[in-house]
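Q: coords please:
(one chain, ligands or ions: 1)
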Amino acid sequence: MDLGLEGRVAFVAAASRGLGRAIVEELAAEGAQVACCARGDDIAAVAAMVAKATGADVLGIVADVSVPADVERAVRETIARFGRIDILVTNAGGPPPGPFESHSPDVWRRTVEVNLDSVVNLTRAALPGMKERRWGRILNVTSITVKQPVEGLILSNSIRAAVTGFARTIANEVAPFGITVNNMLPGYTRTERLEQLAESNAKAKGGTAAEALGVWEKQVPMGRVGAPREFAALAAFLASERASYITGQNIAVDGGWIRGLL
Ligand code: NAD
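A: Modelled structure (predicted):
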């Protein structure tokens, strides 16, 4: 299937490793020009590596998506280099685990900045150009927690619900401009984030990180955690020309973990 991504320009947030990086690799392999950001200057090396492996033009930008000025600058730098943004992938680091009373008001506010405000600010910055050209794709990385809350992840369970409401509403506002907005819901996927969650579960409940991982694997009908590339494949499809009539959706890549019907 030709995804029609050749020559498209993508911006992928929070991409020095894990799911964001896998999405950069996938879009670049499909022929897109890709700008990506992360807080550390290792993003430049990631961009260079992906460019070398795929032959695509890849730009790494040091930016913290929770800082509005960084978001504006990152979008400006992308447009200066590639002329536009056709595909926006919002993403950020995951919120800390722990029960309600373990999180200070500062941690709640910080999670709102990182996991909700970043989506709103990135969308605000990329949308005008998409509307002008009457074509766009906005993909938000959220979580399976929006369909089935995960015990011990109260911040993710709460704040990603707001992203889901935002995306479902704006999807209809921008649909007449040929712009689609969808949320991608990773299940348990082997990244540094998952390793950290396994460590923290082991600390809270006893046992080892490997045992914690084993418990999750048993919950997944496929009997294993996912690979970042399996998640990135969904991003490539939703970003494509072929996904032009899919909008306002929440699509999980979870090996069957969510037990609900919808
Ligand atoms: P990860 O920790 O492995 O990677 C996160 C990436 O985001 C890194 O490149 C980091 O540098 C970057 N980053 C973090 N905060 C940033 C910020 N403020 N500004 C710019 N860059 C920032 O995480 P991951 O597993 O790739 O997860 C990505 C998202 O998906 C997270 O929000 C996570 O909670 C969510 N998620 C992951 C899983 C999973 O199993 N991996 C499951 C459900 C949801």
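Q: Just the helices from the stretch 101-250 of the chain, written as ranges.
A: 105-111, 118-133, 154-174, 192-205, 209-219, 228-239 (DSSP state H, counting those that start in this stretch).
Q: of all those helices, which lies closest to the ligand?
A: helix 192-205 (3.2 Å; CB to the nearest ligand atom). From N, CA and C alone the C-beta is placed, and that goes for glycine too.
Q: Just the buried positions in that closest one, please.
A: 194, 197-198, 200-202 (16 or more other CB atoms under 10 Å).
Q: same deal with stretch 207-224?
A: Applying 16+ other CB under 10 Å to stretch 207-224 flags 209, 212-213, 216, 220 as buried.
Q: who touches residue 22 in this structure?
A: Neighbouring residues of residue 22 by CB atoms under 8 Å, 6 or more residues apart in numbering: 228-229, 231-232.
Q: okay, among those residues, which ones form the most distant pair?
A: 229 and 231 (7.2 Å; CB to CB).
Q: So these two - more neighbours on which side?
A: residue 231 (24 against 13; other CB atoms under 10 Å).
Q: now that one: how far from residue 187?
A: For residue 231, the distance to residue 187 (CB to CB, to the nearest Å) stands at 9 Å.
Q: Mutual contacts of those two, please.
A: Joint contacts of residue 231 and residue 187 (CB under 8 Å, 6+ apart) are residue 253.
Q: quick one: strands adjacent to the longest strand anywhere in the chain?
A: The longest strand of the chain (DSSP state E) is strand 179-186. Strand 179-186 sits in its sheet next to strand 136-141 (parallel), strand 250-253 (parallel), going by DSSP bridges.
Q: will you turn these into TSV that also has distance to the ligand and mean pLDDT?
A: Listed next are those as TSV, based on distance: least, CB to the nearest ligand atom, whole Å; pLDDT from 0 to 100:
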stretch	distance to the ligand	mean pLDDT
strand 136-141	5	99
strand 250-253	9	98
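Q: Quickly compare those strands and say which is most buried.
A: With neighbours taken as mean count of other CB atoms under 10 Å, the strands paired with strand 179-186 reach their highest mean count in strand 136-141, at a mean of 26.
Q: So what touches it?
A: 19-20, 86-91, 119, 123, 126-127, 130, 163, 167, 170, 174, 177-184, 186, 235, 238-239, 243.
Q: Filter these to keep only those in contact with the ligand.
A: Among the contacts of strand 136-141, the residues within reach of the ligand (CB under 6 Å from any ligand atom) are 19-20, 91, 186.
Q: Inside strands: which ones of those residues?
A: Per DSSP E, those map to strands at residue 186.
Q: Spatially, which two of the ones next to the ligand among the contacts of strand 136-141 are the most separated?
A: It's 20 and 186 that sit farthest apart of these, by CB to CB, at 10.9 Å.
Q: Would you mind telling me which of those two has more residues around it?
A: residue 20 (28 against 25).
Q: how about the more buried one, what does it touch?
A: Counting by CB under 8 Å, 6+ apart, residue 20 has contacts 12-14, 36, 38, 89, 91, 141.
Q: nearest to residue 27, of those residues?
A: For the contacts of residue 20, the nearest to residue 27 is residue 12 (7.0 Å; CB to CB).
Q: TSV for the helices of the stretch 101-250 of the chain, including distance to residue 45?
A: Shown next, in TSV, are the helices of the stretch 101-250 of the chain (distance: least, CB to CB, whole Å):
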stretch	distance to residue 45
helix 105-111	27
helix 118-133	23
helix 154-174	29
helix 192-205	16
helix 209-219	27
helix 228-239	18
